[in-house]
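**Q** Provided below for reference: sequence and predicted model.
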Amino acid sequence: MGDLWYLALAYGVIWVVLLVYLYSIARRQESLRQEVRAIEEALEGEPKAEEEAEEAEPFLALVRGKGVSREGSTRARSAGQGRRDSC
Amino acid sequence: MRVVASPWNLSLTGAGNRLHRALLGAMLAVGLLALYMAFVYAPKEATMGHVQRIFYFHVGAAWTALLAFFVVLLGGLAYLRTRDRRWDALALSSAEIGVVFTTITLATGSIWAKPAWGAWWTWDPRVTTTAVLWLIYVSYLILRSTIDEPERRARFAAVVGIVGFVDVPIVFLSIRLWRTIHPVLVKSEGFDMAPEMVHALIAALLACTLLYAYLLLVRTSLERRRLEVEAAKRAIGLY
């Protein structure tokens, strides 16, 4: 084998090792992004439940024979928002 | 929180983003210049021919690996002193990059050794101590993956990182302490090579150092974001 072959092999190895490492970093970043998305989805699930409770509230009030109070649900919503902000 | 998949487009803010772009630009410019100097500017060596051109980035990678392990030492000491996990993130990132550069050093050295010494591998003191260094920091990374509890993992890793650094001066001094066939780069009368070769070597050292700084920025940022995600998951009870 000629000396140019060894030279090409050595620089080829350098590029391959660096590219494999950069690829591993990119994959870890992607996996982290998916985790962030999962957290966001988990947090987005909470307001939905609150909205459902809010929608159900007027019917519950009618059943109870009282006026409709939105104060409780607003408080619950701001508590949920506060929890999201802290993350 | 925004995390972008490509390491070329890392989501940093403000000064971090500017540093990232500046480092990337400097690294690419100096890297291309160093490649030009290694392949075109530096003359062909009389006895070894073109194979000698491996030497520029082989030495650059070796220097960067030792620098990376020094940063692991500093990160470990700072973690043990402050118990701040950001220092542990720095040490881990530097250890990973150090292993990458030691792998390049061993591989390019082995490829150079075949035409120069007639064998892919010899148990020369410099080669052996470098292989031991590689094993120490691979063990450091393996150890980290075996401990679940974050504080304990960081503490153990810091100790291994500090103790492991003992091998770094041994690697550096091995060609002076023992009989070796490894070339000695710097002699008492200075560099034993043509001035153009010294220039090409300096360019390669600079390119490898900039590459290390860039990779360290990217990897440390990823690790710190991972810590933030871990903390967020714990806060909302996903752990």
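**A** Okay, I see it.
**Q** low pLDDT regions in chain B?
**A** Across chain B, residues meeting the criterion (pLDDT under 70) sit at B:1-15, B:186-190, B:238-239.
**Q** chain A contacts on that one?
**A** Those residues of chain B that sit near chain A, judged by C-beta under 8 Å from any C-beta of the partner chain, are B:1, B:3-7, B:10, B:48-51, B:53-54, B:57-58, B:61, B:96-97, B:100, B:103-104, B:107-108, B:111-112, B:114-115, B:211, B:215, B:218-219, B:222, B:225-226, B:229, B:232-233, B:235-236, B:238. Yep, even glycine has a C-beta here, placed from its N, CA and C like the rest.
**Q** just the buried subset of those, please.
**A** Neighbour counting over those (16 or more other C-beta atoms under 10 Å in any protein chain shown) leaves B:3, B:5, B:7, B:10, B:48, B:50-51, B:53-54, B:57-58, B:61, B:96-97, B:100, B:103-104, B:107-108, B:111-112, B:115, B:211, B:215, B:218-219, B:222, B:225-226, B:229, B:232-233 as the buried ones.
**Q** what helix or strand is residue B:173 located in?
**A** Element membership of residue B:173, judged by DSSP states H and E, is helix B:167-177.
**Q** for that helix, packing partners?
**A** Of the remaining helices and strands, those touching helix B:167-177 by 3 or more C-beta pairs under 8 Å, 6 or more residues apart in numbering or on different chains; DSSP states H and E are helix B:54-82, helix B:125-146.
**Q** most tightly packed of the ones you listed?
**A** Per-stretch averages of neighbours, counted by mean count of other C-beta atoms under 10 Å in any protein chain shown, single out helix B:54-82 among the helices and strands packed on helix B:167-177, with a mean of 22.
**Q** report the inter-axis angle for the following helix or strand past that helix versus helix B:167-177.
**A** Scanning forward in sequence from helix B:54-82 by DSSP H and E, the next helix or strand is helix B:85-117. Per axes from the mean of the first three to the mean of the last three C-alpha atoms, to 10 degrees, the angle that helix B:85-117 makes with helix B:167-177 is 30 degrees.
**Q** and helix B:85-117, how far out from the chain middle?
**A** Once both centres are worked out by C-alpha atoms, centre = their mean, to the nearest Å, helix B:85-117 turns out to sit 5 Å from its chain's centre.
**Q** phi, psi of residue B:49?
**A** Backbone dihedrals for residue B:49, given as degrees, to the nearest 10, come out at phi 70, psi -150.
**Q** which residues touch the residue nearest to it when sequence neighbours are not counted?
**A** Closest residue to residue B:49 apart from its sequence neighbours, by C-beta to C-beta, 6 or more residues apart in numbering or on different chains: residue A:3 at 4.3 Å. Neighbouring residues of residue A:3 by C-beta atoms under 8 Å, 6 or more residues apart in numbering or on different chains: B:48-51, B:115.
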